[in-house]
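Student: okay, here's the prediction I keep looking at, along with the sequence it came from:
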Amino acid sequence: ARYRPTQEWHLTDFDIGRPLGKGKFGRVYMVRTKCEPHYILAMKTLYKSEIVQSKVEKQIRREIEIQQNLRHPHVLRLYGYFHDEKRIFLMLEFAGKGELYKQLTKHGCFTEKRSSRYVDQMADALSYLHSKHVIHRDIKPENLLLGINGELKIGDFGWSVHAPGNRRKTLCGTLDYLPPEMVEGKEHSEKVDYWALGVLTYEFICGAPPFEDLSGYNATYKRIARVDLKIPPKVSPEARDLITKLLQYDPEKRIALSEVRKHPWIIKYRSKSG
Ligand SMILES: COc1ccc(C(=O)Nc2ccccc2)cc1NC(=O)CCSCc1cnc2[nH]ccc2c1
């Protein structure tokens with residue numbers, strides 16, 4: 001049976017805490033329910049005026065529909081939403097250890113053990129999303145959060161679509177994570193997330209994405225289209241093997257997520273507590 005919120009929420013139900021960040025469409029605050037039990041949430045405020053202007057109201061309705069049915073330990077929850085005359089409020093799970101990219105920036109890069117555990121959790125989350133015919137399409141450190149026990153949570157869904165999609169993604173953001181078939185504007189499938197997982201694995205270990213070319217957009221474009229992959233010697237043979245199997249030009253040749261989770265580099269570091 002569909003989960004039906006037992007009550008309609010309003011802004012007056014919450015104490016507003018510290019700001020958590022500014023998204024493309026609005027602000028996010030840490031909030032707490034006024035009544036017992038005190039739930040801590042992240043409240044994202046979207047301005048209707050901006051949503052209408054950027055013609056994303058259909059997208060956000062579809063997103064909310066999709067996301068209210070998603071439940072997975074490594075996928076940030078959307079508990080519900082409500083609106084007033086000017087704004088839409090998304091009630092999101094609060095990730096206690098914040099944004100993963102801030103940790104990556106602080107440490108420069110992660111150990112192979114930490115990287116391996118994140119990749120395992122990502123593969124688990126992506127398998128779940130794909131089983132619901134959701135392609136994320138925007139896997140990158142900036143969209144990942146960390147729960148209170150350091151567990152990874154895919155945090156943002158600004159661009160997820162129902163498979164198969166080939167709606168042109170406005171290439172406003174970085175190219176670094178896009179696979180050849182997307183930079184070439186071809187039809188793409190959930191295999192785009194396999195490629196992005198390969199880019200993410202490389203970036204966790206090396207501290208920068210594999211096809212980054214600071215001389216600009218076109219240089220990165222060329223390196224992706226040619227799969228111009230140079231893996232530094234510091235990367236272990238097992239990690240190198242997995243990265244190479246994910247960063248395959250032909251989407252059909254990319255290693256399946258179920259195989260990723262059985263790969264020696266993942267098994268080697270899986271926490272004893274399962
Ligand atoms: C399920 O998640 C989401 C679902 C939908 C949308 C969204 O905006 N959709 C959209 C908007 C407009 C047009 C079309 C679509 C965003 C998110 N998620 C986030 O925005 C993550 C960061 S906010 C949460 C959060 C939690 N925990 C933290 N801990 C520290 C910071 C922090 C920040």
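Tutor: Happy to help now that I have it. Residues are numbered from 1 along each chain as shown.

Student: contacts only, for residue 204.
Tutor: By Cβ atoms under 8 Å, 6 or more residues apart in numbering, the residues touching residue 204 are 104, 109-110, 114-115, 118-119. (C-beta placed from N, C-alpha, C; glycine too.)

Student: that one in helix, strand or coil?
Tutor: helix (DSSP: H, G, I helix; E, B strand; the rest coil).

Student: could you check how far it is from the ligand?
Tutor: 19 Å (Cβ to the nearest ligand atom, to the nearest Å).

Student: name the nearest residue to residue 217, sequence neighbours excluded.
Tutor: residue 175 (6.3 Å; Cβ to Cβ, 6 or more residues apart in numbering).

Student: the one you found is in contact with residue 224, isn't it?
Tutor: Yes - counting by Cβ atoms under 8 Å, residue 175 does reach residue 224; the two are 6.7 Å apart.

Student: list only buried entries from the contacts of residue 204.
Tutor: 104, 110, 114-115, 118-119 (16 or more other Cβ atoms under 10 Å).

Student: out of those, who's nearest residue 192?
Tutor: Lowest distance from residue 192 to the buried ones among the contacts of residue 204 (Cβ to Cβ) belongs to residue 119, with 16.6 Å.

Student: out of everything not next to it in sequence, what's closest to the closest one?
Tutor: Leaving aside its sequence neighbours, residue 119 sits nearest to residue 201 (Cβ to Cβ, 6+ apart; 5.2 Å).

Student: dump stretch 138-156 to CSV, restricted to CA.
Tutor: Output of stretch 138-156 as CSV, limited to C-alpha atoms (Å, rounded to 0.1, in the frame of the first residue of the first chain):
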residue,chain,number,x,y,z
ASP,A,138,24.6,13.3,-12.0
ILE,A,139,26.8,11.2,-9.8
LYS,A,140,29.6,13.3,-8.5
PRO,A,141,31.1,14.1,-5.1
GLU,A,142,29.0,17.3,-4.8
ASN,A,143,25.8,15.3,-4.8
LEU,A,144,26.9,12.8,-2.1
LEU,A,145,26.3,13.2,1.6
LEU,A,146,27.4,11.3,4.7
GLY,A,147,25.1,9.9,7.3
ILE,A,148,25.8,10.1,11.1
ASN,A,149,27.8,6.8,10.9
GLY,A,150,29.8,7.9,7.9
GLU,A,151,27.6,6.0,5.5
LEU,A,152,27.3,7.4,2.0
LYS,A,153,23.9,8.8,0.8
ILE,A,154,23.2,9.8,-2.7
GLY,A,155,21.9,13.3,-1.9
ASP,A,156,20.7,15.2,-4.9
